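Asks: Next comes the sequence, and after it the predicted model I'd like to discuss.
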Amino acid sequence: MNKNTQIKVLFVCMGNICRSPTAHGVFEQLVQSKGLSDKILTDSAGTHAYHVGESPDPRSQATAKRYGVDISHQRAQKVKVADFDTFDYIIAMDSANYHDLKQLAPAGLENKVYRFMEFAPDWGINDVPDPYYGAGDGFEKVFKMVEAASDGLLAHILAR
């Protein structure tokens, strides 16, 4: 990474209240722990405007907090076409959001869209499942997936 370059990463799920805020918080904390906060900026958004202005889901907040990650300050927002100019990496949590982002991307900027689990190939899956309607350990599983993919994404960014 060029020392004058600032990399901007946007995590995207459907409503921006469960998976993408978790990824935002985990990745931001990882970047901070490596002393790279001035080099890598992190944000999150949703492909739909269902929850704009809302805090992350309380279950996402509670799970993140158990692992020392505070996401309570985040507020849901909808992804915009302008984000493709602003961000270097637009990270989709699942295939549906990946396809929505590819459709939204201006011509020539589709290459900025990635599936988050591409950065955690050991998991052998493409999608971070949406825990919103589920019960049990869905939020815990999402957190563990996000941790693994965050490590891989940071390694990818640093290698470039």
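Replies: Cool, the structure landed. Everything numeric here is computed off the predicted structure, so don't read it as measured data.
Asks: What residues of the lengthiest helix in the chain count as buried?
Replies: Longest helix in the chain, counting residues (DSSP state H): helix 138-159. Under the neighbour-count criterion of 16 or more other CB atoms under 10 Å, helix 138-159 has 138-139, 142-143, 145-150, 152-154, 157 buried. C-beta coordinates here come from the backbone N, C-alpha and C atoms, glycine included.
Asks: again with stretch 52-66
Replies: 55-57, 59-61, 63-64.
Asks: Looking at the buried residues of helix 138-159, which is nearest residue 77?
Replies: Set against residue 77, the nearest of those by CB to CB is residue 146 (18.8 Å).
Asks: now that closest one: how far from residue 128?
Replies: Distance, residue 146 to residue 128, by CB to CB, to the nearest Å: 7 Å.
Asks: what residues do the two have in common as contacts?
Replies: Here residue 146 and residue 128 have 19, 23, 116 as joint contacts, going by CB atoms under 8 Å, 6 or more residues apart in numbering.
Asks: Might you list the low-confidence residue ranges for this protein?
Replies: 1-4 (pLDDT under 70).
Asks: quick one, helices of this protein?
Replies: In the chain, the helices defined using DSSP H lie at 19-33, 58-66, 83-86, 95-104, 138-159.
Asks: Which among those is found nearest to residue 46?
Replies: Closest approach to residue 46 among those is made by helix 19-33 (6.7 Å; CB to CB).
Asks: Any idea how far the closest one is from the middle of the chain?
Replies: Chain-centre distance of helix 19-33: 8 Å, with CA atoms, centre = their mean, to the nearest Å.
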